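> Sequence isn't available, so here's the structure alone:
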């Protein structure tokens, strides 16, 4: 996430409405995408850490019923980048 960015959210039935205070945009996210976004709000994470978070979160009531495979996670991260909800950290 960018410095100063806050992503306020509300949820209903496994879907999340997220407001990005920097862009003024509102987005609809699924449970897995929201779980990834919340994990990244805590700090940087690599693919393995995000997959682990998805696997752990699959047991939680608000999470999707299965963890996303790596290719699905990469697509999800691309979507979150495109929506300006996350940034890519330099290597």
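The structure has been received and is ready for your questions. In this text the structure is predicted, and so the values were computed from the model without any measurement.

> Find the centremost residue of this protein, please.
residue 37 (2.5 Å; C-alpha atoms, centre = their mean).

> who does the host helix or strand of it touch, helix- and strand-wise?
Following DSSP states H and E, the helix or strand that holds residue 37 is helix 31-41. With contacts defined as 3 or more C-beta pairs under 8 Å, 6 or more residues apart in numbering; DSSP states H and E, helix 31-41 has these neighbours: strand 7-12, strand 15-20, helix 47-57, helix 70-82. In this view, the C-beta of every residue, glycine as well, is placed from N, C-alpha and C.

> mind running it again at 6 Å?
Where contact means 3 or more C-beta pairs under 6 Å, 6 or more residues apart in numbering; DSSP states H and E, helix 31-41 is packed against helix 47-57.

> List the buried residues for the helix it packs on?
Neighbour-count burial for helix 47-57, with 16 or more other C-beta atoms under 10 Å as criterion, is recorded at 50-51, 53-54, 57.

> tilt between it and helix 31-41?
When axes from the mean of the first three to the mean of the last three C-alpha atoms, to 10 degrees is applied, the directions of helix 47-57 and helix 31-41 differ by 120 degrees.

> In the protein, where is pLDDT below threshold?
Residue ranges of the chain with pLDDT under 70: 1-7, 58-68, 90-91.

> if we go to 90?
Applying pLDDT under 90 to the chain flags the ranges 1-14, 19-24, 41-43, 55-71, 84, 87-91.

> Between the buried residues of helix 47-57, which sits nearest residue 13?
residue 57 (16.6 Å; C-beta to C-beta).

> so that closest one touches residue 36, yeah?
No: here residue 57 lies out of contact with residue 36, judged by C-beta atoms under 6 Å, at a distance of 9.0 Å.
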